[in-house]
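Peer 1: Predicted structure and sequence below. I'll ask about it afterward.
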Amino acid sequence: MILDTTTDKIQAVLGGAVAANQVQCFSSWRDEGRTGIRKGKTAVNTNNATDVNVVPTPAESIQREVTFLSFYNADSGSVTLTVKHDDGTTERILWKGTLATAEFLSWTQGAGWQQFNATGTQVIA
(Lines give C-alpha, C1' and ligand atoms only; values in the text may rest on other atoms or scores of the structure.)
Protein backbone atom coordinates (compact mmCIF):
# COMPACT_ATOMS: atom_id res chain seq x y z
CA MET A 1 0.00 0.00 0.00
CA ILE A 2 1.34 3.38 -1.01
CA LEU A 3 0.14 6.73 0.34
CA ASP A 4 1.45 9.51 -1.87
CA THR A 5 -0.58 12.64 -1.17
CA THR A 6 -0.98 14.75 1.94
CA THR A 7 -4.60 13.58 2.21
CA ASP A 8 -4.00 9.79 1.90
CA LYS A 9 -4.46 7.81 5.11
CA ILE A 10 -5.47 4.37 6.39
CA GLN A 11 -8.27 4.47 8.96
CA ALA A 12 -10.12 2.08 11.24
CA VAL A 13 -13.64 2.42 12.57
CA LEU A 14 -15.99 0.17 14.52
CA GLY A 15 -19.62 -0.53 13.74
CA GLY A 16 -20.65 0.77 17.17
CA ALA A 17 -19.56 1.18 20.76
CA VAL A 18 -17.41 -1.41 22.50
CA ALA A 19 -18.45 -3.01 25.80
CA ALA A 20 -15.22 -2.12 27.64
CA ASN A 21 -12.00 -1.96 25.58
CA GLN A 22 -11.19 -0.44 22.19
CA VAL A 23 -9.45 -2.39 19.41
CA GLN A 24 -5.66 -1.98 19.56
CA CYS A 25 -4.25 -0.86 16.19
CA PHE A 26 -0.63 -0.78 15.07
CA SER A 27 1.10 0.07 11.79
CA SER A 28 4.61 0.27 10.50
CA TRP A 29 5.62 2.15 7.38
CA ARG A 30 8.50 3.81 5.59
CA ASP A 31 8.71 7.17 3.93
CA GLU A 32 10.74 7.79 0.81
CA GLY A 33 11.58 11.26 -0.41
CA ARG A 34 14.37 13.58 -1.43
CA THR A 35 16.26 13.06 1.83
CA GLY A 36 16.19 9.26 1.72
CA ILE A 37 14.18 6.67 3.62
CA ARG A 38 12.67 7.13 7.09
CA LYS A 39 10.87 4.36 8.98
CA GLY A 40 7.94 4.97 11.29
CA LYS A 41 5.14 3.40 13.29
CA THR A 42 1.76 4.33 14.70
CA ALA A 43 -0.02 2.80 17.70
CA VAL A 44 -3.60 3.91 18.35
CA ASN A 45 -6.86 2.53 19.72
CA THR A 46 -10.19 2.68 17.92
CA ASN A 47 -12.77 5.20 19.10
CA ASN A 48 -16.07 3.36 18.63
CA ALA A 49 -17.81 4.65 15.47
CA THR A 50 -15.36 7.54 14.95
CA ASP A 51 -12.60 7.13 12.33
CA VAL A 52 -9.04 6.90 13.67
CA ASN A 53 -5.88 7.22 11.59
CA VAL A 54 -3.94 3.98 11.73
CA VAL A 55 -1.47 5.24 9.12
CA PRO A 56 -1.35 9.05 9.05
CA THR A 57 -0.91 11.17 5.95
CA PRO A 58 2.60 11.59 4.55
CA ALA A 59 4.29 14.97 4.25
CA GLU A 60 4.45 16.85 0.96
CA SER A 61 6.62 15.11 -1.71
CA ILE A 62 6.81 11.90 0.37
CA GLN A 63 5.63 8.42 -0.56
CA ARG A 64 4.58 6.42 2.51
CA GLU A 65 4.76 2.65 2.01
CA VAL A 66 2.72 0.64 4.50
CA THR A 67 4.56 -2.53 5.55
CA PHE A 68 2.43 -3.89 8.42
CA LEU A 69 -1.02 -3.40 9.96
CA SER A 70 -2.46 -5.15 13.01
CA PHE A 71 -5.75 -5.00 14.90
CA TYR A 72 -6.38 -6.82 18.20
CA ASN A 73 -9.85 -7.04 19.74
CA ALA A 74 -9.24 -6.43 23.45
CA ASP A 75 -12.97 -6.08 24.15
CA SER A 76 -15.16 -8.58 26.01
CA GLY A 77 -17.45 -8.91 22.98
CA SER A 78 -17.23 -9.17 19.21
CA VAL A 79 -16.72 -6.01 17.16
CA THR A 80 -17.33 -5.11 13.53
CA LEU A 81 -14.16 -3.53 12.20
CA THR A 82 -13.73 -1.60 8.96
CA VAL A 83 -10.26 -0.73 7.66
CA LYS A 84 -10.29 1.79 4.83
CA HIS A 85 -8.21 4.07 2.66
CA ASP A 86 -9.32 7.72 2.74
CA ASP A 87 -7.85 10.15 0.21
CA GLY A 88 -9.68 13.15 1.63
CA THR A 89 -12.53 12.78 -0.86
CA THR A 90 -13.29 9.10 -1.31
CA GLU A 91 -13.17 6.24 1.18
CA ARG A 92 -12.46 2.70 -0.05
CA ILE A 93 -12.94 -0.34 2.19
CA LEU A 94 -9.84 -2.52 2.41
CA TRP A 95 -11.23 -5.02 4.94
CA LYS A 96 -14.50 -5.34 6.83
CA GLY A 97 -15.53 -8.12 9.18
CA THR A 98 -16.12 -9.30 12.69
CA LEU A 99 -13.40 -9.86 15.27
CA ALA A 100 -14.40 -11.97 18.27
CA THR A 101 -12.84 -11.37 21.68
CA ALA A 102 -9.03 -11.79 21.51
CA GLU A 103 -9.03 -12.22 17.73
CA PHE A 104 -6.27 -10.58 15.71
CA LEU A 105 -6.22 -9.23 12.14
CA SER A 106 -3.03 -8.41 10.28
CA TRP A 107 -1.90 -7.24 6.86
CA THR A 108 1.61 -7.64 5.50
CA GLN A 109 3.02 -7.02 2.05
CA GLY A 110 3.79 -10.69 1.51
CA ALA A 111 0.76 -12.39 3.08
CA GLY A 112 -2.05 -9.85 2.69
CA TRP A 113 -4.93 -10.01 5.18
CA GLN A 114 -4.90 -12.76 7.80
CA GLN A 115 -7.25 -13.26 10.75
CA PHE A 116 -6.42 -15.39 13.78
CA ASN A 117 -8.64 -16.58 16.63
CA ALA A 118 -7.81 -16.34 20.34
CA THR A 119 -5.70 -19.52 20.20
CA GLY A 120 -3.65 -18.28 17.25
CA THR A 121 -5.28 -20.47 14.62
CA GLN A 122 -5.76 -18.76 11.28
CA VAL A 123 -9.43 -18.04 10.57
CA ILE A 124 -9.15 -16.72 6.99
CA ALA A 125 -6.39 -16.42 4.40
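Peer 2: Done, it's in.
Peer 1: residue contacts, residue 113?
Peer 2: 95, 105-107, 124 (Cβ atoms under 8 Å, 6 or more residues apart in numbering). (C-beta placed from N, C-alpha, C; glycine too.)
Peer 1: Looking at the residues you listed, spot the one nearest residue 56.
Peer 2: residue 107 (16.6 Å; Cβ to Cβ).
Peer 1: Which strand or helix spans the closest residue in space to that closest one that isn't next to it in sequence?
Peer 2: Spatial nearest neighbour of residue 107, chain neighbours left out: residue 69 (4.2 Å); criterion: Cβ to Cβ, 6 or more residues apart in numbering. Assigned by DSSP states H and E, residue 69 belongs to strand 63-72.
Peer 1: what does residue 115 give?
Peer 2: strand 112-116.
Peer 1: in its sheet, what does that strand sit against?
Peer 2: strand 104-108 (antiparallel), strand 122-124 (antiparallel) (DSSP bridges).
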